[in-house]
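**Student:** kindly return the folded structure for what I paste below:
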Amino acid sequence: MTAHTSTTAYREHVIDGKAGSQRNRVLKALRFFGPRSRAGIVALFEDHGLLAAHPEIDGPPIPLASVCGRVNAMLESGLLRVAKEDIDERTGHRVQYLEAVRPEPKQKSFDGFMP
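**Tutor:** Next up is the predicted model:
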């Protein structure tokens, strides 16, 4: 069961807009830099030299726990997908490499349009 303080903190995080801002930054970073693991996303936001040329992505570092929360929400909503799973050389654990999904327009069909 989730603690009341955790639920309250999450709601405040969403209300103040920080969750949406982090989500947008993660999504833009994945679109620009390509598939990354969750730890790789955190590393991107810690490298200010790399992000200095991208003011729409640059900003304060995002902690791993926050990246995981934003990524899980975007996986559920279909904004991200798992591109591949591989072994992380640094940790030796299996990690997911995530990529941004570009929304595709639905093709209209004329099937059943005329009798």
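**Student:** need the next SSE after the lengthiest helix in the chain, C-terminal direction.
**Tutor:** In the chain, assigned by DSSP state H, the helix with the most residues is helix 18-33. Helices and strands here follow DSSP states H and E; after helix 18-33, the next one along the chain is helix 38-46.
**Student:** measure how that following helix sits relative to helix 18-33, angle-wise.
**Tutor:** 100 degrees (axes from the mean of the first three to the mean of the last three Cα atoms, to 10 degrees).
**Student:** what comes into contact with helix 38-46?
**Tutor:** 25-26, 29-30, 33, 36, 50-51, 59-64, 67-68, 71, 88, 90-91, 95-98 (Cβ atoms under 8 Å, 6 or more residues apart in numbering). Backbone N, C-alpha and C define where each C-beta goes, glycine included.
**Student:** where does pLDDT dip in the protein?
**Tutor:** Flagging of the chain using pLDDT under 70 yields the residue ranges 1-18, 104-115.
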